[in-house]
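> Any chance you could fold what I've pasted below:
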Amino acid sequence: MQIKEIKCKTALSNSTLPGLRYSLNPYRGCQHNCAYCYVPNVLRIKRSIWGSFVDIKKNIPIILSKELKNKKPGVVGISTVTDPYQPIERKYNLTRYCLEQLLIYDFAVVIQTKSDLIKRDLDIISKFSNAEIMFSIGTLNDNERKLLEPYASTIQQRLDALKEISEIGIKTSVFFGPIYPTITPEILPNIVDIFEENGAKEIMFDKLNLKPGIIENVEKSIISDKLFQEKFTNIQMIYRLQKEKLNEIGKRRKIKIVSAF
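Predicted structure coming up:
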């Protein structure tokens, strides 16, 4: 893993994502190395090197502190093109330092992650007037998770963190995506039950983003799993059935279920 410290010129970027005014990404690159990640396409990075490097924006807390003095209040998404709690955060603490700056002005924050490391910063996050933590979970099968998300926290670690955070009163949600194609519509009600039981107040679901390079990368990662390969060949039909079922569940449940596709 190539780790390089760099200096950034800006901290907050305008966001076009629903519900966000700004995005904040303390790192460039991600150690989680998820096979389906769309970020290389967005940042125009060679997929062959994605997951092999992380650039550390060493000065981002200082830049952020200067920008916040003149920024209009708005929701800050942390992060949109990297995981703010990937393993390197344990050493550099950039996400924590940025949260400290955002708390001074009490900007609303939405933090999306696949890591239970976020529990370390609950002392800060709990002080925000408006904070939401969203865990990305695409399957409850940890053996399948290892194929596509090899260096992220286990599914159980995420669920345990979700429950712990919910119980102290911070809004929690699940980004159910990309939904693994091995999930049949029949088991979706049980999955929603588990998300609810662990504190999720909202579920946003998404399909696999089939941008160039992603299909090939996923196929390479699931070569040892025949069932996964079989499902992957019918992925569009499977996603249609999954979406129909989740929309149906959403109409019958109190929990808010929304589609990202």
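
> who's in contact with the closest residue to Val75 other than its chain neighbours?
With sequence-adjacent residues excluded and distances taken as CB to CB, 6 or more residues apart in numbering, Val75 is closest to Ala108, at 4.4 Å. Where C-beta positions appear, they are placed from N, C-alpha and C, glycine not excepted. Applying CB atoms under 8 Å, 6 or more residues apart in numbering to Ala108 gives the contacts 73-76, 128-131.

> what about burial for those residues, which qualify?
When the contacts of Ala108 are checked for burial by 16 or more other CB atoms under 10 Å, the buried set is 75-76, 128, 131.

> and Thr139, how many neighbours?
By other CB atoms under 10 Å, the residues close to Thr139 number 20.

> Where is the longest helix in the chain?
Ordering each helix of the chain by length in residues (DSSP state H) puts helix 235-252 first.

> Which residues outside the helix or strand following it are in contact with it?
Next helix or strand after helix 235-252 toward the C-terminus (DSSP states H and E): strand 256-259. Strand 256-259 is contacted from outside by 192, 201-206, 243, 246-247, 249-250, using CB under 8 Å, 6+ apart.

> What of stretch 46-60?
1-8, 11, 24-33, 37, 39-40, 86, 88, 92, 94, 97-98, 151, 213, 217.

> Give the buried residues for it.
Using 16+ other CB under 10 Å as the test for burial, stretch 46-60 gives 47, 50-51, 54, 56-57, 60.

> if we can go back for a sec, restricted to strands, list the contacts of stretch 46-60.
2-6, 24, 27-28 (DSSP state E).

> any idea which of those residues has the most stuff around it?
Leu24 (29 neighbours).

> So that residue sits against Leu64, correct?
Yes - with contact defined as CB atoms under 8 Å, Leu24 reaches Leu64; the gap is 7.2 Å.

> shared neighbours, those two?
The contact sets of Leu24 and Leu64 overlap at 11-12, 98, 102 (CB under 8 Å, 6+ apart).

> Keep only those of those residues that are in helices.
98, 102.

> Buried subset of the shared contacts of Leu24 and Leu64 as a ChimeraX selection?
Here is the ChimeraX command that selects the buried residues among these (16+ other CB under 10 Å):
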select :11,12,98,102
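
> Let me know the closest of the shared contacts of Leu24 and Leu64 to Ala161.
Using CB to CB, Cys98 comes nearest to Ala161 of the shared contacts of Leu24 and Leu64, at 19.7 Å.

> hang on, the closest one packs against Ala11?
Yes - the criterion here is CB under 8 Å, and Cys98 meets it with Ala11 at 7.4 Å.
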